[in-house]
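Asker: Build me a model from this:
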Amino acid sequence: MATTVTSAFSEFMSDVVNLRKSSTDDARTSRDWLYEKLNGFESDAASPKNYPEIHIGFGSFARRTKIRPLDDIDLMFGLSAEGCTYTIYSDRITLNSDDTPRRLNNFRHPDSQTISSVRILNHFKNKLQNIPQYEKADLKRNQEAVTLQLSTKTWNFDIVPCFITHADVLGRSYYLIPDGSGNWKKTDPRIDKARTTEINVKNSGNMLNVIRAVKYWQTTKALPSIGSYLLETLILNYYEHRTTCQQWVDLELEGLFNHLSFYIRYSVNDHKNIQGDINHLSYEAREKISQKFSSEALKVSEARGLEKNNEHQKSINKWREIFGSDFPAFG
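Answerer: Okay, the predicted model is just below:
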């Protein structure tokens, strides 16, 4: 219950949208414990060699844009390539071995000297099933990760084995991760995290709350889903050349919703310059989402006008239309 829009948003962000500090701390402890167990696998000569220096978190938890509930944590587990090379094709990247003795030779494709990402994923899946604390966990493999489902926690871990390349002629290195078809593809979560942090700092540390609020907003609407990474990229693009993001989320949303209404219709480039266009929504989905952003911007304008007239109850009711019944009621 709240009597002003400011207090309503403060309660909404702290009690509904943002992760509890205790949950975040618990998740980080659990993640670090899992890294320890994964690091221990290399004592088995049948396992790949580790490269702990390149272990890295990715996804919204690592970028601090995660909202409640805390349901998944993504981590990349670094492996030594042991002198293997890689070849880039138009549709895949292969990791190439030779006759030099190395552990990765145990993970080749049949009748090939290329390293199979599926075999490495299966290896980690089987090893994780032998950890007593995870005996009741449901382990399943998705296209690019081993998903560790925990019975005692609210979150899953998506574990992605990875390698890192030597710097190319431009001085740039990449992570190689499973592509879902047995080969490999490029990524670089360092760029995502650094860009998010840089733009947030330029905007006085206020942007992350805006991202989380919009991500929560999406969960309350009967709309085609905008992928988390696409939505975050669009918001980052909005704030990239701004420095004035305010601490009061409600003051940001009219302009941002109008921006999203326009740009969701078009191609959205991956700022890592790896994936190309990341907007895979259909034309119909783009139009529907665009119209919703536009109509919500009008509602935000109405809510702001009511607040300026000190009609806080009416303004809060309008915000409840925008964010749903979990937005604090007036009173």
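Asker: could you give the mean pLDDT of stretch 55-68?
Answerer: For stretch 55-68, mean pLDDT is 98.
Asker: begin at 362 from here
Answerer: Understood, numbering begins at 362; the last thing we discussed is stretch 416-429.
Asker: contacts for it?
Answerer: If you take CB atoms under 8 Å, 6 or more residues apart in numbering as the criterion, stretch 416-429 is touched by 377-380, 388, 392, 396, 431, 433-439, 519, 521, 523, 536, 548, 550-551, 553-554, 557, 569, 572-573, 576-577, 580, 589, 593. Any C-beta I mention is one placed from the backbone N, CA and C, and that applies to glycine too.
Asker: please redo it, this time with the cut-off set to 6 Å
Answerer: If you take CB atoms under 6 Å, 6 or more residues apart in numbering as the criterion, stretch 416-429 is touched by 378, 380, 434-437, 439, 550, 554, 557, 569, 572-573, 576-577, 589, 593.
Asker: Now the biggest strand by length in the chain - C-alpha only, PDB.
Answerer: Using DSSP state E to define each element, the chain has its longest strand at strand 517-525. C-alpha atoms of strand 517-525 as PDB (Å, rounded to 0.1, in the frame of the first residue of the first chain):
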ATOM      1  CA  ASN A 517      18.800 -23.800 -12.400                       C
ATOM      2  CA  PHE A 518      22.300 -23.600 -13.700                       C
ATOM      3  CA  ASP A 519      23.000 -23.500 -17.400                       C
ATOM      4  CA  ILE A 520      26.600 -24.700 -17.800                       C
ATOM      5  CA  VAL A 521      28.300 -23.900 -21.100                       C
ATOM      6  CA  PRO A 522      31.800 -25.400 -21.700                       C
ATOM      7  CA  CYS A 523      34.000 -23.000 -23.600                       C
ATOM      8  CA  PHE A 524      37.400 -22.300 -25.100                       C
ATOM      9  CA  ILE A 525      39.000 -18.900 -25.900                       C
END
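Asker: Show me what the next helix or strand after that strand is packed against.
Answerer: Once the chain leaves strand 517-525, the next helix or strand it forms, by DSSP states H and E, is strand 536-539. The contact analysis (3 or more CB pairs under 6 Å, 6 or more residues apart in numbering; DSSP states H and E) places strand 536-539 against strand 517-525, strand 545-548.
Asker: Residue 491 and residue 402, how far apart?
Answerer: Separation of residue 491 from residue 402 (CB to CB, to the nearest Å): 10 Å.
Asker: Which members of the contacts of stretch 416-429 occur in strands, if any?
Answerer: Using DSSP E, the contacts of stretch 416-429 in strands are 434, 435, 436, 437, 439.
Asker: And for the first one, nearest residue in space, chain neighbours not counted?
Answerer: This points to residue 434. residue 422 (4.9 Å; CB to CB, 6 or more residues apart in numbering).
Asker: How many neighbouring residues does that neighbour have?
Answerer: 21 (other CB atoms under 10 Å).
Asker: again, but for residue 511
Answerer: Residues lying near residue 511 (other CB under 10 Å) number 16.
Asker: can you tell me the helix or strand for the residue nearest to residue 434?
Answerer: With DSSP H and E as the criterion, residue 422 is inside helix 420-424.
Asker: looking at this protein, which helix or strand is least sure?
Answerer: Among the helical and strand segments of the chain, the one scoring lowest on mean pLDDT, DSSP states H and E is strand 499-502, with a mean of 66.
Asker: following that strand, which helix or strand comes up?
Answerer: With DSSP H and E setting the assignment, the helix or strand that follows strand 499-502 is strand 507-510.
Asker: buried ones in that next one?
Answerer: 507, 508, 509 (16 or more other CB atoms under 10 Å).
Asker: next one: stretch 542-559
Answerer: So, applying 16+ other CB under 10 Å, buried residues of stretch 542-559: 543-550, 552-554, 556-557.
Asker: Could you export those to a markdown table, including columns for pLDDT and distance to residue 459?
Answerer: Shown next, in a markdown table, are the buried residues of stretch 542-559 (pLDDT from 0 to 100; distance: CB to CB, whole Å):
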| residue | pLDDT | distance to residue 459 |
| --- | --- | --- |
| 543 | 95 | 19 |
| 544 | 97 | 18 |
| 545 | 98 | 17 |
| 546 | 97 | 22 |
| 547 | 98 | 22 |
| 548 | 98 | 26 |
| 549 | 98 | 27 |
| 550 | 98 | 30 |
| 552 | 98 | 32 |
| 553 | 98 | 34 |
| 554 | 98 | 35 |
| 556 | 99 | 38 |
| 557 | 99 | 40 |
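Asker: export these to CSV and tack on distance to residue 443?
Answerer: Below are these laid out as CSV (distance: CB to CB, whole Å):
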residue, distance to residue 443
543, 19
544, 18
545, 15
546, 20
547, 20
548, 21
549, 22
550, 23
552, 26
553, 28
554, 27
556, 32
557, 33
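Asker: Of those residues, just say which sits nearest to residue 585.
Answerer: The closest of the buried residues of stretch 542-559 to residue 585 turns out to be residue 553 (CB to CB; 23.3 Å).
Asker: so how far is residue 514 from that closest one?
Answerer: Residue 553 is 25 Å from residue 514, where distance means CB to CB.
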